[in-house]
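A.B. asks: Any chance you can model this:
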Amino acid sequence: MAYDVVVVGNAGIDTNVYLPGQDIDFSVEANFTQNIDTIGQAGSYAARGYASLDLKVGFIGAVGADANGAWIRQVFAGQGIGVEGFFDDPQGTSRSINIMYKDGRRKNFYDGKSHMKLKAPLELSVQMLQGARLAHFNIPNWARELLPLARSSGARIASDIQDVVDPADPYRKDFICNSDFLFFSAANHADPESLMRYFWTLNPDLEIVAGMGEQGCTVGERQNVRRYPALSIDLPVVDTNGAGDALAVGYLVARVFDGAPPSEAARRGQLAARFTCAQKASSDHLITREILNRYLWEVHSNG
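C.D. replies: Alright, predicted model coming up:
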């Protein structure tokens, strides 16, 4: 099958721990919480997000030969996501523990198993990338080997380098230098523009989107920077897991597949992210075309 988009990255199981109060009570041994397992991590949210927006999606990533890996394979296949690109992690399926606060914020504890040492199936990856218009990279260490393959296939390349602390981090450099679109979370920086300008010294042709949570997002295109305030829609914020992935998916579908300008792409990406924040411990209910169009109409109607 020829895919519209191939997602390259991590799929795993998230255990979300919802606190009953404002924080963990370290004065006692036991805290009584609600703990929910869900299919998560960046690759899952991205692949399932594209599928929810009616694109043909292939996935390249590692899971274990365990019950969690079987669960992910079954759910992906059931949603029509191509699963032939799954390969085995001998340490098992990756896991995350997310401590969830009342306002939807999280503290993440990530166990990527052996992703620093794995090798992706190169020949199969070439076959999956053939004809794809977009290759969406999350950044396990093994994924950097597929960047030149994606470039050779003719696909546009997007990389999500997650929550950047040091913009000069050498781990992220390959993804920055070999992408057409770059996404990152500005959670650790009050002003993302300085990071964008540094990234342009490495790759001046990048189109860059910084997610800023409740402050909206910032888009850098042709080395011009514009901020877009957060959109207000009538949904609660209960869980911010996957919001950055949804921002990237919504933006890229608009830009690459629908030919929308950056301003419209930012609007759609923010709506996708905002909808994701209303879903508790679930990548099963990401935004669809129908829901997105409804909220677009609402936003346009409200000016």
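A.B. asks: now the nearest residue to residue 140 once chain neighbours are set aside: how far from residue 37?
C.D. replies: Spatial nearest neighbour of residue 140, chain neighbours left out: residue 115 (4.0 Å); criterion: Cβ to Cβ, 6 or more residues apart in numbering. Yep, even glycine has a C-beta here, placed from its N, CA and C like the rest. According to Cβ to Cβ, to the nearest Å, residue 115 and residue 37 sit 20 Å apart.
A.B. asks: So which of the two has more stuff around it?
C.D. replies: residue 115 (20 against 13; other Cβ atoms under 10 Å).
A.B. asks: Make sure that one is actually in contact with residue 10.
C.D. replies: Yes. Using Cβ atoms under 8 Å, residue 115 makes contact with residue 10 at a distance of 6.7 Å.
A.B. asks: count of residues packed around the closest residue to residue 235 other than its chain neighbours?
C.D. replies: Of all residues not flanking residue 235 in the chain, residue 278 sits nearest, at 4.0 Å (Cβ to Cβ, 6+ apart). Here the number of neighbours of residue 278 (other Cβ under 10 Å) works out to 16.
A.B. asks: ok now do residue 278, which residues does it touch?
C.D. replies: 235-239 (Cβ atoms under 8 Å, 6 or more residues apart in numbering).
A.B. asks: list residues touching both of residue 115 and residue 10?
C.D. replies: Common neighbours of residue 115 and residue 10 (Cβ under 8 Å, 6+ apart) are 62, 94, 140.
A.B. asks: Can you read off the backbone torsions of the nearest residue to residue 270 once chain neighbours are set aside?
C.D. replies: In this structure, residue 270 finds its nearest non-sequential neighbour in residue 231, 5.0 Å apart by Cβ to Cβ, 6+ apart. Main-chain dihedrals, residue 231, degrees, to the nearest 10: phi -90, psi 140.
A.B. asks: bridging residues for residue 137?
C.D. replies: In this entry, residue 137 is beta-bridged to residue 8, residue 159, by DSSP bridges.
A.B. asks: List the buried residues of the helix-or-strand element of the chain with minimal mean pLDDT.
C.D. replies: None of the helices or strands of the chain scores lower by mean pLDDT, DSSP states H and E than helix 289-301, at a mean of 90. Neighbour-count burial for helix 289-301 flags 292, 295, 299 (criterion: 16 or more other Cβ atoms under 10 Å).
A.B. asks: Give me the buried stretch members for stretch 278-290, please.
C.D. replies: 278-283, 286-287.
A.B. asks: same deal with stretch 253-263?
C.D. replies: 253-257, 260, 262.
A.B. asks: ok, back up a step: and the two most separated of the buried residues of stretch 278-290?
C.D. replies: Within the buried residues of stretch 278-290, two members stand farthest from each other by Cβ to Cβ: 281 and 287, at 16.7 Å.
A.B. asks: does residue 149 sit in a helix, a strand or a coil?
C.D. replies: helix (DSSP: H, G, I helix; E, B strand; the rest coil).
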